[in-house]
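>>> The following block contains a protein sequence and its predicted model.
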Amino acid sequence: MSLLELNGVKVHFPVRKGLLVERTVGHVYAVDGVSLSVEAGQTYGLVGESGCGKTTLGRAILRLVDITDGEVVFDGTDLAKLPGEEMRRFRRRLQMVFQDPLGSLNPRQNIESILSEGMAAHGIGANQEERRERIREILARVGLPANALSRYPHEFSGGQRQRIGIARALVLEPDVIICDEPVSALDVSIQAQVINLLEELQESLGLTYVVIAHDLAVVRHISDVVGVMYLGALVEEAPSDTLYAEPRHPYTRALMSAVPVPDPEVEDNRERILLTGDLPSPADPPAGCRFHTRCPWKQDTLCATDRPELRDLGGGHRVACHWAEQIADGTIKPAANAATVVPAPAAEEKDAGPAAAEGKDAEPGEKETASAT
Ligand SMILES: Nc1ncnc2c1ncn2[C@@H]1O[C@H](COP(=O)(O)OP(=O)(O)OP(=O)(O)O)[C@@H](O)[C@H]1O
């Protein structure tokens with residue numbers, strides 16, 4: 001059995017109106033039926049654009065938001081239904097590292113106080129001396145000097161503060177760490193160091209990670225399995241290499257096509273999918289496939305009426321698209337007016353760039369010759 005299993009998890013936030021008497025006038029379907037599993041010692045990467053529900057899902061795993069429906073099974077226990085008191089026991093084993101280290105660290109507490117607070121609350125260490133010893137050990141593990149103990153968050157650089165955030169999770173000896181955009185607030189030069197640290201810690205301590213990030217490169221590097229979210233739902237999931245080599249959902253293809261490739265030859269022939277239309281509101285998601293309003297491959301049947309299930313394509317690859325196979329083998333071509341699917345050099349050389357960027361007259365057939373997937 002997987003260490004962490006989500007079954008049909010939903011988090012719907014009520015939208016309330018009224019000055020004196022509040023009434024619920026609708027819901028934000030932030031997470032709307034997500035099922036996935038995370039194996040012990042592995043990293044599950046969660047990607048998708050802002051507002052798709054990644055953070056809410058991470059918070060739901062820790063029960064930091066109310067779960068509307070579904071199960072969060074951790075080590076055989078469904079956390080979604082646990083009474084508060086019992087949940088406390090599990091909380092130590094599931095920790096979170098936040099995007100903004102400064103915002104999540106109390107500026108008036110020194111590092112020893114920040115790190116020992118949670119330990120005392122969870123009964124770790126018989127006394128302060130024992131806790132201090134443990135903190136020293138963890139500080140060394142995350143690459144911070146022992147004299148950090150008596151210093152304050154503002155005395156550290158961004159990268160060091162994120163190390164403190166990681167140390168704060170580690171002192172509680174967790175099994176799972178949810179890393180929510182763990183490096184996106186850091187300079188690029190520092191990002192790799194923090195990612196490497198997370199990997200080293202995983203190896204030496206056998207940690208299990210859920211890494212939430214909008215940066216596909218970060219997720220690819222660190223994840224064993226990657227899940228792509230769109231409007232509260234998982235649209236595709238696969239082992240990291242498979243997902244990046246053969247994205248099958250049109251949304252995943254669009255996301256990937258926005259990432260430049262360092263190899264100039266590949267970059268020149270890279271497929272680019274420019275989606276038209278805005279991201280729909282999670283308070284009023286489209287019927288059928290949630291992506292159909294922006295999908296270049298949208299068909300007249302099924303897409304607008306039937307919500308696709310995540311289907312197994314084999315090898316751990318799952319996709320929620322009615323037409324994934326036909327799109328992959330080219331039987332179904334992208335519509336020119338729904339979005340632009342162009343090979344970059346053809347668009348530039350023929351000076352079709354601006355028109356193509358507006359989605360006006362891209363040749364649907366062009367994609368086939370330039371597909372980098
Ligand atoms: N407490 C809340 N009450 C109402 N709506 C909320 C609440 N928290 C989040 N939402 C809404 O739920 C949706 C999903 O938000 P969430 O923060 O999970 O997305 P995200 O993918 O993590 O985005 P980002 O990367 O910007 O954090 C958004 O539309 C957001 O406005």
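Looks like it came in fine.
>>> Show me what from the stretch 101-250 of the chain comes close to the ligand.
If contact is defined as C-beta under 6 Å from any ligand atom, the residues of the stretch 101-250 of the chain in contact with the ligand are His214. Using the backbone N, CA and C atoms, a C-beta is placed for each residue, glycine as well.
>>> Would you map the strands across the stretch 101-250 of the chain?
Remark: strands of the stretch 101-250 of the chain, listed N- to C-terminal, are 176-180, 208-212, 225-230, 233-239; assignment by DSSP state E, counting those that start in this stretch.
>>> Could you pull up the residues touching the residue of the stretch 101-250 of the chain found nearest the ligand?
Closest approach between the stretch 101-250 of the chain and the ligand, counting by C-beta to the nearest ligand atom: His214, at 5.8 Å. Taking C-beta atoms under 8 Å, 6 or more residues apart in numbering as the criterion, His214 is in contact with Val47, Gly48, Glu49, Ser50, Lys54, Glu181, Ser184.
>>> Ala169: what's it in contact with?
Gln95, Met96, Val97, Ile177.
>>> ok, the residues you listed vs Phe156, which is closest?
Val97 (15.3 Å; C-beta to C-beta).
>>> And the pLDDT for Lys17?
On pLDDT, Lys17 comes in at 87.
>>> Could you report the separation of it from Val11?
Remark: distance between Lys17 and Val11 (C-beta to C-beta, to the nearest Å) = 20 Å.
>>> neighbour-wise, which of those two wins?
Looking at Lys17 and Val11 with other C-beta atoms under 10 Å, you find the greater number of neighbours at Val11, namely 23 against 10.
>>> Which of the three states applies to that one?
Using DSSP: H, G, I helix; E, B strand; the rest coil, the three-state assignment for Val11 comes out as strand.
>>> The residue nearest to Gln326 when sequence neighbours are not counted: what secondary structure?
Of all residues beyond its chain neighbours, the one nearest Gln326 is Ile332 (4.3 Å), with distances taken as C-beta to C-beta, 6 or more residues apart in numbering. The three-state assignment at Ile332 reads coil, by three-state DSSP.
>>> Okay, helices next: where are they in the chain?
Taking DSSP state H as the test, the helices found in the chain are 54-61, 84-91, 111-121, 128-141, 158-170, 188-205, 216-222, 240-245, 250-257, 264-268, 324-328, 344-349, 353-357, 366-370.
>>> Check which residues of the first one are buried.
It refers to helix 54-61. Residues of helix 54-61 classed as buried by neighbour count (16 or more other C-beta atoms under 10 Å): Lys54, Thr55, Thr56, Leu57, Gly58, Arg59, Ala60, Ile61.
>>> quick one, it and strand 225-230 angle?
If you take axes from the mean of the first three to the mean of the last three C-alpha atoms, to 10 degrees, helix 54-61 sits at 120 degrees to strand 225-230.
>>> got it, and the second one?
In terms of direction (the same axes, to 10 degrees), helix 84-91 departs from strand 225-230 by 130 degrees.
>>> Tell me which residues are up against helix 84-91.
Taking contacts as C-beta under 8 Å, 6+ apart, the residues outside helix 84-91 that touch it are Leu62, Arg63, Phe74, Thr77, Leu79, Leu82, His122.
>>> Show me how far it is from its chain's centre.
The chain centre lies 25 Å from the centre of helix 84-91; the measure is C-alpha atoms, centre = their mean, to the nearest Å.
>>> Ok, the fourth one next?
A distance of 31 Å separates the centroid of the chain from that of helix 128-141, by C-alpha atoms, centre = their mean.
>>> Taking their axis directions, it and helix 188-205 sit at what angle?
Using the same axes, to 10 degrees: helix 128-141 against helix 188-205 is 120 degrees.
>>> buried ones in helix 128-141?
Applying a neighbour-count criterion of 16+ other C-beta under 10 Å, one finds Arg131, Arg132, Arg134, Ile135, Ile138, Leu139, Arg141 buried in helix 128-141.
>>> Counting residues, name the longest strand you see in this structure.
Longest strand of the chain, by residue count under DSSP state E: strand 23-38.
>>> neighbouring contacts of that strand?
So strand 23-38 is contacted by 2-17, 44, 53, 56-57, 60, 70, 176, 208, 210, 225, 227, 229, 231-234, 237, 282-285, 310 (C-beta under 8 Å, 6+ apart).
>>> what's the burial count for the closest residue to Asp187 other than its chain neighbours?
Ranked by C-beta to C-beta, 6+ apart and with sequence neighbours excluded, the top spatial neighbour of Asp187 is Gly158, at 6.9 Å. The number of residues packed near Gly158 is 16, by other C-beta under 10 Å.
>>> and the gap between Gly158 and Leu102?
The spacing between Gly158 and Leu102, counted by C-beta to C-beta, is 8 Å.
>>> Likewise for Val72?
Val72 is 29 Å from Leu102, by C-beta to C-beta.
>>> same thing with Gln202?
Taken as C-beta to C-beta, the spacing of Gln202 relative to Leu102 amounts to 25 Å.
>>> Quick check: chain neighbours aside, which residue is closest to Ile327?
In space, not counting the residues next to it along the chain, Ile327 is nearest to Trp297; the distance is 5.0 Å by C-beta to C-beta, 6+ apart.
>>> Cheers, nothing more for now.
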